[in-house]
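Trainee: Mind looking at a prediction? Sequence and model below.
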Amino acid sequence: MFGQTPADRQGLPLMLEILAITGPIYIAIVLGFATTRLGLFSPADMRVFGKFVINLALPALLFNALAQRSPDEILHGSYLLVYALGSLLALGMGWLWARRAAGQDRTTSAYYAMGMACANSGFVGYPIALLTLGPVAGVMLGLNMMVENLLLIPLLLALAESGQARGGWHQVLRQSLAPLLRNPMVLALLAGFMVSMLGGQLPSPVARTVTMFAQASGALSLFVIGGTLVGLKIQGLQRQVAYIAAGKLLLHPLAVACVLFLLEAAGLVALEPALRIGVVLTAAMPMLGIFPILAQKHRQESLAAAALLGCTVASFVTISSLLWLFQQLPGWRL
């Protein structure tokens, strides 16, 4: 929608245009919440739907996004550098704040940092990017997943484990990396890159099957987010939730934008307009949907679930505001 020219948008107020983008996303989330709250679906159903999305639909989407493009179209080193450095900056600031200002232990601080630096680029980020930026959203999803699954999550899990005195952080990091070889999304990334590099094509029936599963990811992922919010409570955790949500929705995109400006000023990166918007927009998403699941191991799931609820609700305002801001700034309009 942002690809339209100004003439195409005459007579349509900008905020209505932005709500036309973000509205369907949050309507799908509300539908997931409402149907689960009313008993049409159960929390157990949401877990099954979530497994379908994580193990089949999103891997199919990642594979298609990479396999159907040439290596030149998907190997955006500048994007990876900006998103990785900006996320690491937000991670470090979040961890230090939790340790020094909030007085948390190393394990709890790691989950504060995870909530602030790991975006929901699959369940929420991809649908919003698709509506906002078009086909480049698929490439962005693959690049985001590489940074999140290969760098941020293993590093944060290692930091959390290091606070439990179960060995050095380097040993824990190695243990965290081992499951990646069995992760369907990582395997889909590798397979998609391989097909892209070889320039091959899947047989038509196979390609159509993969596409069919990929197309199921958008709406179902948002529906699952809404369903998983049922039963989550914030009582007694409002202050912690507010800090984590502010870090995720404000600090993370600001950190990525600062890194982008600095690297561009130094002549080290050059991103096309869609990817410039996309990398900051990705960082502005609420935290990853499996945040409470990852936090269960160290009994931080209550804080993680409350933060996920508060951040997802608040993101409607912050993401809509960010899209409005993009249209006001020279060099950020599509």
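Mentor: On my side now, so go ahead.
Trainee: separation between Arg106 and Leu156?
Mentor: 11 Å (CB to CB, to the nearest Å). C-beta here means a position set from N, CA and C on the backbone, and glycine is covered the same way.
Trainee: More neighbours: which of the two?
Mentor: Leu156 (24 against 17; other CB atoms under 10 Å).
Trainee: Look at the more buried one and report its pLDDT.
Mentor: What the model reports for Leu156 is a pLDDT of 87.
Trainee: Could you name the helices and strands sitting against the helix or strand harbouring it?
Mentor: According to DSSP states H and E, Leu156 maps onto helix 153-162. Under the contact definition 3 or more CB pairs under 8 Å, 6 or more residues apart in numbering; DSSP states H and E, helix 153-162 sits against helix 77-96, helix 106-117, helix 169-177.
Trainee: could you redo the last one with a cut-off of 6 Å?
Mentor: Counting contacts by 3 or more CB pairs under 6 Å, 6 or more residues apart in numbering; DSSP states H and E, helix 153-162 packs against helix 106-117, helix 169-177.
Trainee: So, low pLDDT: which residues of this structure?
Mentor: For the chain, applying pLDDT under 70 flags the ranges 1-15, 163-181, 334.
Trainee: So what's the residue count around the closest residue to Leu89 other than its chain neighbours?
Mentor: Nearest residue to Leu89, sequence neighbours excluded (CB to CB, 6 or more residues apart in numbering): Ala255, at 4.3 Å. Residues near Ala255, counting by other CB under 10 Å, number 25.
Trainee: so how far is Gly278 from Ala67?
Mentor: 20 Å.
Trainee: how far does stretch 144-156 stretch from start to finish?
Mentor: Counting by CA to CA, to the nearest Å, you get 16 Å between the two ends of stretch 144-156.
Trainee: just how off-centre is that stretch within its chain?
Mentor: 11 Å (CA atoms, centre = their mean, to the nearest Å).
Trainee: Need the contact partners of that stretch.
Mentor: Residues from elsewhere that reach stretch 144-156 (CB atoms under 6 Å, 6 or more residues apart in numbering): 83-84, 87, 110, 114, 118, 121, 176-177, 185-186, 282.
Trainee: List just the nearest of these to Glu301.
Mentor: Comparing the contacts of stretch 144-156 against Glu301 with CB to CB places Met114 closest, at 12.4 Å.
Trainee: What helices and strands are in contact with the helix or strand where Leu130 lies?
Mentor: Assessed by DSSP H and E, Leu130 sits inside helix 126-133. Using 3+ CB pairs under 6 Å, 6+ apart as the contact test, the elements touching helix 126-133 are helix 14-37, helix 136-147, helix 273-283.
Trainee: List the buried residues in the last one.
Mentor: Right, the one you point to is helix 273-283. 274-283 (16 or more other CB atoms under 10 Å).
Trainee: wait, which of these is closest to Leu250?
Mentor: Distances from Leu250 to the buried residues of helix 273-283, taken by CB to CB, are shortest for Ala283, at 10.1 Å.
Trainee: which residues sit in contact with the closest one?
Mentor: Taking CB under 6 Å, 6+ apart, we find Ala283 in contact with 119, 252-253, 256.
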